[in-house]
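> Build me a structure from this.
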Amino acid sequence: MSSDSSTPYAIDPAGGCPHALNARLRARGDVAEVVLPGGVPGAVVLGHEALREFLSHPDVGKDARHFPALHDGGIPPDWPLCVFANAQGMHTADGADHRRLRSLVGNAFTARQVERLRPRVEKLTDGLLDDLERAAAQGSGATAGEGAGHVVDLREHFALPLPMSVICELLGVDPEHRGRLHRLSYAVIVATDNTPAETMAAVRELVELMGTIAAARRAAPGEDLTSALIAARDADGGRLSEAELIGTMRLMLVAGHETTLNLIANAVRALCAHRDQLALVLEGGASWSDVVDETLRWDGPVSWFPFRYPTRDLTIGGAVIPKGTPVLAGYTAAGRDEAYHGPDADDFDVTRPTAARNLSFGHGAHYCVGAPLARLEATIALERLFTRFPDLDLAVPEDRLPHQRSFIGNSVESLPVRLDRR
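Predicted coordinates for the structure are as follows:
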C-alpha cells in the first residue's frame, strides 16, 4: 500500500484501550498498513471522511471472494479471523444477495417496529434495576473493603441481560441458551487473543447451538424472527440456504447484544467520569439520545471491525489500498478524528453538534440494521438507570477496569459500581 506511513503496525491480538494507538496511527494519515494476527497483511481506515468514503464506495466488497489470499493457500484454514471472512449472511454479501438477505430481517428493525418494543424494553429495564439494587444490597460482585456490600457489577447485572433478553425474545431463543450464547459469541467475535484451536472450537459449538435453536423453532414456530427465517428457508424455492439461515441467526444474536452491551457500559463510564455532563442531562440541558450519540463517537462499542476488500486498487485518504486487501473499519479512530470533530475531539461533550454524524453503526448499504433497536435500548437504559440512581459511580478508578481482550470490541470486561456514592 503506497502512502507516507512507516513500518506496518502489527496488531496485538490482546487489544486494549484503542485511543492512544488510534491517535498515533492517525497522525501518519487516514489509512494505515497493518499486519493482522497470523502475519496477514492488511489495512485500517482511521479518518472520519476517509472511512465514510470507504464504507460506501462502489468498488469495495464484503464477500470473501474478493480476498484472494484466503483461497490461494497462503492463509491456513485455522486462521482465527477466518470466522469473519467465511461467515455467510448479509454482513458478508454484496449486491443482490445482500439486498435479498437484508430484506428478510429489515422489516423487524424499522424505527416503527422498534418503537413498538418500547413498553417491553422499559419493563425489562425496570426489572433489571430492581435486580441490580438487590444484588448490590447482597454484595454480589462486591470487592473487599469498606462498603463492599454496596458494590455490584453493572455489566453483569444490567448492561448484558437487557440487550440479551430483548434480542432473544425477538428471535425466539429459549432463556436456557442465553448464558452459553454470550460465552460463545464473546469467544468467537470479541476475544481476539484466543488460540486458533479455541476459536474453532467455539465456532463449532456456536453453529451447533444455532442449529438447536432453529430446530426448536421448526418444531414449535412462533411470532418470532427465527420462525420467519425458517419459513423463508423451507418455502418452495427458499429465499436463503441453510448456511445463510444459520449465519443470519448468528449475526442477529451476536451483534444484537454484544454491541449494545458495550454501548451501555461505555456510556455509564463516560458519565461517571464527566459528572458535569451527567448533571447537564439530568437538568434537561441535553437529552439521553445526545448521550448515546456522543458515546458512539467518543468511545464506540466496536473498535476495528473486519473485513472489506477493494475490488480494484483504490485511493482512499491519499493512500492506495491494493485490490484484495483485507481492510478494517477503524470506528473508534474516526470518532476522535480532529480533522472532522475539531481540536477538542478527545473531550466528552453531549452538546457536540457533530456527534450525531458518527460512523459507529457504519454507513452506506451495510449500515447496521439493528441501529434503531440499539439506540432505543441504550436510551431507555441510561435514562432509567441514572434517574433512579443519580449518585451511581465507579467503585474502582477507571484505569483499573479490565479492558476487553480484543482489537475488535471496545469496552471493559467488568464494571463494578456503587449505586450511592455516599
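
> Going by C-alpha atoms from here, please, whenever you check contacts or count neighbours.
OK.

> so where's the stretch 1-150 of the chain uncertain?
1-5, 140-149 (pLDDT under 70).

> now the strands for it?
Secondary structure of the stretch 1-150 of the chain (DSSP state E, counting those that start in this stretch): strands at 9-10, 31-36, 40-45, 60-61.

> Given the second one, what are its sheet partners and their directions?
Just to be clear, that refers to strand 31-36. Strand pairing for strand 31-36, using DSSP bridges, gives strand 9-10 (parallel), strand 40-45 (antiparallel).

> Contacts for the shortest one next, please.
Yep, that's strand 9-10 we're talking about. Contacts to strand 9-10, defined as Cα atoms under 8 Å, 6 or more residues apart in numbering, come from residues 32, 33, 34, 35, 36, 37.

> mind putting the residues you listed in JSON lines, distance to residue 119 included?
As requested, the contacts of strand 9-10 are exported to JSON lines (distance: Cα to Cα, whole Å):
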{"residue": "32", "distance to residue 119": "45"}
{"residue": "33", "distance to residue 119": "46"}
{"residue": "34", "distance to residue 119": "45"}
{"residue": "35", "distance to residue 119": "46"}
{"residue": "36", "distance to residue 119": "43"}
{"residue": "37", "distance to residue 119": "44"}
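
> Read off the pLDDT value for the closest residue to residue 128 other than its chain neighbours.
Excluding the flanking residues, the one nearest residue 128 by Cα to Cα, 6 or more residues apart in numbering is residue 158, at 5.9 Å. At residue 158, the model reports a pLDDT of 97.

> residue contacts, residue 158?
Residues near residue 158 by Cα under 8 Å, 6+ apart: 125, 128, 129, 132.

> now do residue 308
Counted by Cα under 8 Å, 6+ apart, residue 308 has contacts 60, 61, 62, 63, 326, 327, 328, 329.

> State the pair within these that is farthest apart.
63 and 329 (15.3 Å; Cα to Cα).

> Looking at the two, which has the bigger crowd around it?
Set side by side, residue 63 and residue 329 give different neighbour counts by other Cα atoms under 10 Å, the larger being at residue 329 (28 against 22).

> now that one, which residues is it bridged with?
When bridges are called by DSSP bridges, residue 329 pairs up with residue 45, residue 305.

> Would you confirm that it contacts residue 302?
No - Residue 329 lies out of contact with residue 302 (Cα atoms under 8 Å); the separation is 9.4 Å.

> center of this structure - which residue?
With distances taken as Cα atoms, centre = their mean, the residue of the chain nearest its centroid is residue 259 (3.0 Å).

> Quick check: which element contains it?
Element membership for residue 259, per DSSP states H and E: helix 242-273.

> which parts of the helix or strand that that helix is followed by are buried?
On the C-terminal side of helix 242-273, the nearest following helix or strand under DSSP H and E is helix 275-282. Residues of helix 275-282 classed as buried: 277, 278, 281, 282 (neighbour count, 16 or more other Cα atoms under 10 Å).

> do stretch 11-23 as well
Buried, per 16+ other Cα under 10 Å, within stretch 11-23: 13, 15, 16, 17, 18, 19, 22, 23.

> For stretch 356-365, buried residues please.
Buried, per 16+ other Cα under 10 Å, within stretch 356-365: 358, 359, 360, 361, 362, 363, 365.

> Any chance of CSV for these, columns pLDDT, secondary structure and distance to residue 318?
As requested, the buried residues of stretch 356-365 are exported to CSV (pLDDT from 0 to 100; DSSP: H, G, I helix; E, B strand; the rest coil; distance: Cα to Cα, whole Å):
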residue, pLDDT, secondary structure, distance to residue 318
358, 96, coil, 21
359, 97, coil, 20
360, 97, coil, 23
361, 96, coil, 24
362, 96, coil, 21
363, 96, coil, 20
365, 94, helix, 24
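
> Closest to residue 250 out of those?
residue 361 (18.0 Å).
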